[in-house]
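Novice: Next input, structure requested:
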Amino acid sequence: MRREWIKDLGLTLVVLLAQSGPFLFAQRIDPEPWTFLDYLPVLWACMPVFFRRYQPALCVFISALGVGAYGVISHGPAQPIWYGALVCMYTVAYQSPRIQRLATLAITGLGMLIVIGSINTAIRELATWSAAYALGTLGRTRKEAAITAQAQATQLATERERTRIARDLHDILGHAFSLMVVQAESGAAIARQDPARAEKTFDAISAAGREAMTQLRETVGTLRETPSLSNIDSLVLKLKHAGLVANLVVRGEPRQLPDEVQLAAYRVVQEALTNVVKHARAKKVEVIMDWRPESLEMSIVDDGVGNTESEGGHGLLGIRERVAAVGGRVDVGPCASGAGFKVKTVFA
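Specialist: Numbers count the residues shown, from 1 in each chain. Below you'll find the model as predicted:
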C-alpha cells in the first residue's frame, strides 16, 4: 500500500511538472507575470491523478472541469496536452467496471462536442483522449489474460498433483494389499503343514502392512521423501517372502538420474510386480536394470500366464502415464517365447 502511494505521488508530480512547462518557457505578451489564478486550473486538473485508483471516473470529470476552468478564468499560456485528464482516462479504461467505462467515454465525448467551440479542436481532443482510453483497454486486456493464464496453470498443476497422488496411492496400497492377500491365502494351508514357515508368512504380512502405512503417510505428507532406484531391491525381496522366485539383475554402470525419473522407475517396477502377484500366477519373476550409455532400460519379466488386466486398467494405464510424464517409453505384452509377460521401459 505504501509503495502504491509513493508511485501515485511521483506520477502526480511528473504530470504537474509537464503541465507547468508552458508557464516556465512561454512569455506573456504584456509584461505582467503569471498569477496564481492563472495557474490554479493546472493544479485542479493535475491533482486528481493522485486519487485516480480509488475513483477513476470521478477523477476524470474533476480533471476535465479543471481543463474547462483554464479556458474561462485563466490567462495562462496555451496547453497542447492535458496530461492529468489523460492519465485518469487511462485508469478508467484499465480498472473501472464496464458500465462506468462506457458512461465515462460517452459523457466525455459529448461534453467535448458541446463545450469546445472549434470542431477541429474537438476532434483532436477526442482522438487524444480515445488513445488514452485505448491504451488503458490494452493494459486491462493483458492483465485479464495473465490472470486467466495463471488460473489455468494453477488448475492444471492441481489436477496433475491429484493424478500423481492417486497413482501413488494405487501403487502403494495395491502392491501391499496384493502381497498381503496372497500370503494370507497361503498362510492357512502352510500353518497345517509347517507351523514355523507359517509364522514367517504372517510376519511378512505384518511387515507389508506396516510398510504400506509408512508410504501412505509419506504420500499424504506430499511425498517429501520419495522412493528411488536404490529401493527396488526391497520390492524384489518382498516377492521372495511371498513365495515367488524373484531376482534383480543389474547390468552396466549405474549413474545418478533426476528424482522424478527415479520415482517413476520405482513405481513402474512396483506396479508391474503387483500385476504379477494379482494376475500372472507366475512362479518366477525377474527385474532387469540395464544401464546403457544414454539410457536406462528396465524390464520386468515373469513366467506366468500373462497379464489379464485390460489396457485401460489403472495399473497399466498408470505405468504408461508415469513413463510418458518423464519422457520415457514403455512396451508391454507377452514374452517373445509365448510364455509369460514382459513390461519394458526406457528412460533417457
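Novice: Could I get the full set of helices for the stretch 51-200 of the chain?
Specialist: Under the criterion DSSP state H, counting those that start in this stretch, the stretch 51-200 of the chain contains helices at 56-73, 83-95, 98-115, 119-193, 195-220.
Novice: weakest of those helices in terms of mean pLDDT?
Specialist: Ranked by mean pLDDT, the helices of the stretch 51-200 of the chain end with helix 195-220 at the bottom, a mean of 68.
Novice: ok, and what's touching the following helix or strand past that one?
Specialist: The helix or strand immediately downstream of helix 195-220 is helix 232-241, counting by DSSP states H and E. Defining contact as C-beta atoms under 8 Å, 6 or more residues apart in numbering, one finds that helix 232-241 is touched by 175, 179, 183, 200-201, 204, 207-208, 246-248, 265-266, 269-270, 273, 276-277, 285, 287, 289. No exception for glycine: its C-beta is placed from N, CA and C like everyone else's.
Novice: related to what we said a few turns ago, point out the most buried one among the helices of the stretch 51-200 of the chain.
Specialist: helix 83-95 (a mean of 24; mean count of other C-beta atoms under 10 Å).
Novice: Can you name every helix or strand that it contacts?
Specialist: helix 2-25, helix 36-46, helix 48-51, helix 56-73, helix 98-115, helix 119-193 (3 or more C-beta pairs under 8 Å, 6 or more residues apart in numbering; DSSP states H and E).
Novice: So what angle separates the directions of the fourth one and helix 98-115?
Specialist: Interaxial angle of helix 56-73 relative to helix 98-115 (axes from the mean of the first three to the mean of the last three C-alpha atoms, to 10 degrees): 10 degrees.
Novice: ok and helix 56-73 relative to helix 36-46, angle-wise?
Specialist: Going by the same axes, to 10 degrees, helix 56-73 makes 160 degrees with helix 36-46.
Novice: start the count at 39, not 1, going forward
Specialist: All set: I'll call the first residue 39, so the last point we hit is now helix 94-111.
Novice: Run a quick check on Trp329 versus Glu291, I expect a contact.
Specialist: Yes: using C-beta atoms under 8 Å, Trp329 is in contact with Glu291, at 5.7 Å.
Novice: Tell me which of those two has more neighbours.
Specialist: Neighbour totals were compared for Trp329 and Glu291, and Trp329 leads with 15 against 8 (other C-beta atoms under 10 Å).
Novice: what phi and what psi does the backbone show at the more buried one?
Specialist: phi -80, psi 110 (degrees, to the nearest 10).
Novice: Which pLDDT does the model give the residue lying closest to it once chain neighbours are set aside?
Specialist: Closest residue to Trp329 apart from its sequence neighbours, by C-beta to C-beta, 6 or more residues apart in numbering: Gly290 at 3.0 Å. pLDDT, Gly290: 90.
Novice: ok, now how distant is Gly290 from Thr383?
Specialist: 15 Å (C-beta to C-beta, to the nearest Å).
Novice: Tell me which of the two has more neighbours.
Specialist: Thr383 (25 against 12).
Novice: and that one, what are its bridge partners?
Specialist: Bridge pairing for Thr383 (DSSP bridges) gives the partners Met336, Val368.
Novice: mind checking pLDDT for it?
Specialist: Looking at Thr383, the pLDDT reads 93.
Novice: again with Val287
Specialist: pLDDT, read off for Val287, is 92.
Novice: Which residues does it form beta bridges with?
Specialist: Ile326.
Novice: That one against Ile326, yeah?
Specialist: Yes: Val287 lies in contact with Ile326 (C-beta under 8 Å); the separation is 4.7 Å.
Novice: of the two, who's got more company?
Specialist: For the pair Val287 and Ile326, the greater number of neighbours falls to Ile326 (16 against 12), based on other C-beta under 10 Å.
Novice: OK, contacts around the more buried one?
Specialist: The contact partners of Ile326, taken as C-beta under 8 Å, 6+ apart, are 287, 289, 335-339.
Novice: As CSV, the helices and strands packed on helix 121-133 with distance to Arg360 would be great.
Specialist: Output for these, formatted as CSV (distance: least, C-beta to C-beta, whole Å):
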stretch, distance to Arg360
helix 40-63, 45
helix 74-84, 62
helix 86-89, 56
helix 94-111, 51
helix 136-153, 46
helix 157-231, 7
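Novice: closest one to Met127 among those helices?
Specialist: Among the helices and strands packed on helix 121-133, helix 157-231 comes nearest to Met127, with 4.4 Å by C-beta to C-beta.
Novice: rewinding a little: figure out which of the helices of the stretch 89-238 of the chain is closest to Glu298.
Specialist: For Glu298, the closest of the helices of the stretch 89-238 of the chain is helix 157-231, at 10.0 Å, according to C-beta to C-beta.
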